[in-house]
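In: sequence plus the predicted model coming up.
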Amino acid sequence: MEEVVKLFSDHGTLVQPDALDYIMSKDDPIAFASHILSKMREYPLVLSLEDIKALEGIPEKKEEKPPTANFQEEEEVEEREEGEEKYELPLSFPKGWKPLAKEYDAEIEILKDVTGKSTCRGNIEDFSLLFKHRYESIKKIFLSRRNFGNSIPFSKIKKGYVKEVQLIGLVREVRESSRGHKIVEIEDEEGVVTLLIPSNDHHLIQQANELVTDEVISVTGKVSRNGDLIIVQSISYPDINVNHKKNSADVPLYVAFLADPHIGSKMFLWEKWKLLVKWLNGNAGNSRQREVAGRIKYVVIPGDTVDGIGIYPNQEKELSIKDIYKQYEALSELLNMLPDHITIIIQPGNHDAVRPAEPQPAFEEELREIFSGRDIVFVGNPCYFSLHGVEVLSYHGQSLLDYATNIPTLKYNEPIEIMKVALKKRHLAPIYGGHTPIAPEHVDYMVIDRVPDIFVTGHVHLTAIGEYRGVTLINASSWQAQTSYQKMLNFVPDPAKLPIVDLKTGKATTMDFTRGI
């Protein structure tokens, strides 16, 4: 069944349950699914049983290549001088098109956000309070599980009370001995202990290679004779329960994730944006695609709304708008093109005009006033919020690179795998001193203390959808073609794609604007 679902999702199509049952009833479901795909003139976002039965009587189409865009070519990008940006598009619904989302009121609840609650001053005491809160929050997650109730404070080890222990601690250091053993130092409120992971235990060594500094873990092990070393027998992460049950909405509405527009960049994909706007207004796509557009009630922008100023070397050469406020004015113009029944949720990223250290508060009032023309909800980075009872953890994703550079098995171009690791560790950005600057708040807003229904990131300019233990994972695309800086790093983005999640069923799909609709 998973292979069939993947076969259709690779073509941007979501299969309805009764249609999937029909396909699986065939002698060779994969062959039948391929046969149905071969008959499609265009790939719908949602495939119904009626569609399949209609397609069964149609001869196979001749193979033809879908239209594609070459994002290396400059023809795609209209380079304008500063001040020339005037985005205009005729906006009206086609006759007879009635978007379903217009019939429903927005239902948003902010569950966790640093905005208006920042307490840090940047002194040593602040950092101490941050790590204390992190330790206590994740320790609480461990202790909520029955297998971790025997954990003891480190002080009992030195007193010789125990020979086998279960500990919960924050990782201070990970190093390798001359004999290939892993040496790990962890701490709790009362002290520091040293762990030894034997080099001949390949499973434990593999786990140790996934450890990062400043995360909270649990270990079991034997205490050495003098009590100054723990020989590790197991390593555990706080993780998510296997039986986590996802929330669902009781309304037939969708949420779309539109990350990293980078307005103000010469590489902004205006032509693709125009197609997005036409589609959301019901002026593009087939009947089923327009139906999906009409169900979109929310558009979430997880950061890097504008390109900013001075973010990377020689950036000014690639800016069409070199004034930060004019970049936001252009963004406001572009967002005003979206239908007014859609509620837009905006959070900052590392290119936006907020403090660089995470967690980042929402835009200041000075910036918010620029967007006075429509209904926009401004949140911090990260932020937990719910849409009709479905909980979303939205995070721009700068720390994805920290995870990728510190864990050998992870790659920056596989963001879903990194997001799974973040959920296992129950922390968005544990590493202090990495790529991601951390603000020493007294509350660690980067702890994943609530299990979301949807976890979304952006930042890496790729597009990916996955799932982990009942959590829908989205890495949302960008709307910027390859920059010279990305080209220098040999990074090829995957822009102009829109991940969409059905709030009622939890199913996810992607609308691809690079192929035309």
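Out: Good, I have the coordinates.

In: phi, psi of Glu365?
Out: phi -60, psi -30 (degrees, to the nearest 10).

In: ok, now how distant is it from Thr115?
Out: Counting by C-beta to C-beta, to the nearest Å, the separation of Glu365 from Thr115 is 11 Å. In short, each C-beta sits where N, CA and C put it, glycine included.

In: neighbour count for the two, which is higher?
Out: More neighbours surround Thr115 than the other of Glu365 and Thr115, with 18 against 8 (other C-beta atoms under 10 Å).

In: report pLDDT for that one.
Out: The score at Thr115 is 98. That number is its pLDDT.

In: outline the domain layout of the protein.
Out: Annotated domains of the chain cover 2-55, 74-91+252-512, 145-236 [automatic domain parsing].

In: out of these, nearest to Arg121?
Out: Evaluated over the domains of the chain, closeness to Arg121 peaks at domain 74-91+252-512, with 8.2 Å, by C-beta to C-beta.

In: averaged pLDDT, that closest one. What do you get?
Out: For domain 74-91+252-512, the mean pLDDT works out to 93.

In: so what's the gap between that domain and the chain middle?
Out: Domain 74-91+252-512 sits 9 Å away from the centroid of its parent chain (C-alpha atoms, centre = their mean, to the nearest Å).

In: let's have the domains of the chain in TSV, adding distance to Phe127.
Out: Listed next are the domains of the chain as TSV, based on distance: least, C-beta to C-beta, whole Å:
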stretch	distance to Phe127
domain 2-55	44
domain 74-91+252-512	4
domain 145-236	11
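
In: tell me which of those sits most buried.
Out: Compared across the domains of the chain, domain 74-91+252-512 shows the largest average neighbour count, a mean of 20 (mean count of other C-beta atoms under 10 Å).

In: for the stretch 301-450 of the chain, what spans make up the strands?
Out: Assigned by DSSP state E, counting those that start in this stretch, the strands in the stretch 301-450 of the chain fall at 343-347, 376-378, 383-387, 390-394.

In: I'd like these as CSV, with distance to Arg134 appended.
Out: Shown next, in CSV, are the strands of the stretch 301-450 of the chain (distance: least, C-beta to C-beta, whole Å):
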stretch, distance to Arg134
strand 343-347, 22
strand 376-378, 26
strand 383-387, 17
strand 390-394, 17
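
In: ok, which of these comes nearest Arg515?
Out: Arg515 lies closest, by C-beta to C-beta, to one member of the strands of the stretch 301-450 of the chain: strand 343-347, at 24.9 Å.

In: got the angle between that closest one and strand 390-394?
Out: Calculated by axes from the mean of the first three to the mean of the last three C-alpha atoms, to 10 degrees, strand 343-347 forms an angle of 40 degrees with strand 390-394.

In: who are the packing partners of strand 343-347?
Out: Using 3 or more C-beta pairs under 8 Å, 6 or more residues apart in numbering; DSSP states H and E, the elements in contact with strand 343-347 are strand 296-302, strand 376-378.

In: mind listing the strands it pairs with, and their directions?
Out: Neighbouring strands of strand 343-347 in its sheet, by DSSP bridges, are strand 296-302 (parallel), strand 376-378 (parallel).

In: export those strands as TSV, with columns for distance to Pro493.
Out: Converted to TSV, the strands paired with strand 343-347 look like this (distance: least, C-beta to C-beta, whole Å):
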stretch	distance to Pro493
strand 296-302	16
strand 376-378	26
